[in-house]
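Novice: Sequence unavailable; structure follows:
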């Protein structure tokens, strides 16, 4: 996976990010279990940038993403 350096502090992230907007809603009913599995698979493939926002389920998305990355949070 290609990486990019952000800013001047030397923080690096994967060039490809995972957009998690559709996990709790937006594209029909969400399936948390499948969303968590997809996030874990993305990490296995080298993704270290996971996009989320408060409006993606009004906080519910952050909870799902948090549960998904719990075991590898320091790596992403």
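Specialist: Right, received. Where do you want to start? Bear in mind that the values here come from a model prediction, so they are computed numbers and not experimental data. Numbering: from 1, shown residues only.
Novice: alpha carbons only for contacts and neighbour counts from here, please
Specialist: Will do.
Novice: which parts of the helix ranked longest in the chain are buried?
Specialist: For the chain, the longest helix by residue count, based on DSSP state H, is helix 32-44. Along helix 32-44, these residues count as buried under the neighbour rule (16 or more other C-alpha atoms under 10 Å): 32, 35, 36, 38, 39, 40, 42, 43.
Novice: ok, what's across the strand from the residue most central in space within the chain?
Specialist: Closest to where the C-alpha atoms of the chain average out (C-alpha atoms, centre = their mean) is residue 50, at 2.8 Å. Beta-bridge partners for residue 50, by DSSP bridges, are residue 18.
Novice: From what I see, it and residue 15 are in contact.
Specialist: No. Residue 50 is beyond contact range of residue 15, at 11.2 Å (criterion: C-alpha atoms under 8 Å).
Novice: Tell me where this structure has strands.
Specialist: 3-6, 11-14, 17-19, 49-51 (DSSP state E).
Novice: could I get the ones you listed as a markdown table with mean pLDDT and distance to residue 71?
Specialist: Listed next are those as a markdown table, based on pLDDT from 0 to 100; distance: least, C-alpha to C-alpha, whole Å:
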| stretch | mean pLDDT | distance to residue 71 |
| --- | --- | --- |
| strand 3-6 | 92 | 22 |
| strand 11-14 | 93 | 18 |
| strand 17-19 | 92 | 17 |
| strand 49-51 | 91 | 15 |
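Novice: could you dump the ones you listed to CSV with distance to residue 66?
Specialist: Formatted as CSV, the strands of the chain follow (distance: least, C-alpha to C-alpha, whole Å):
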stretch, distance to residue 66
strand 3-6, 22
strand 11-14, 18
strand 17-19, 14
strand 49-51, 10
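Novice: before we move on, the earlier item: list the contacts for the residue nearest to the centre of the chain?
Specialist: Applying C-alpha atoms under 8 Å, 6 or more residues apart in numbering to residue 50 gives the contacts 17, 18, 19, 20, 76.
Novice: contacting residues around the second one?
Specialist: Under the criterion of C-alpha under 8 Å, 6+ apart, the contact list for residue 18 reads 39, 42, 47, 49, 50, 51.
Novice: No further questions, thank you.
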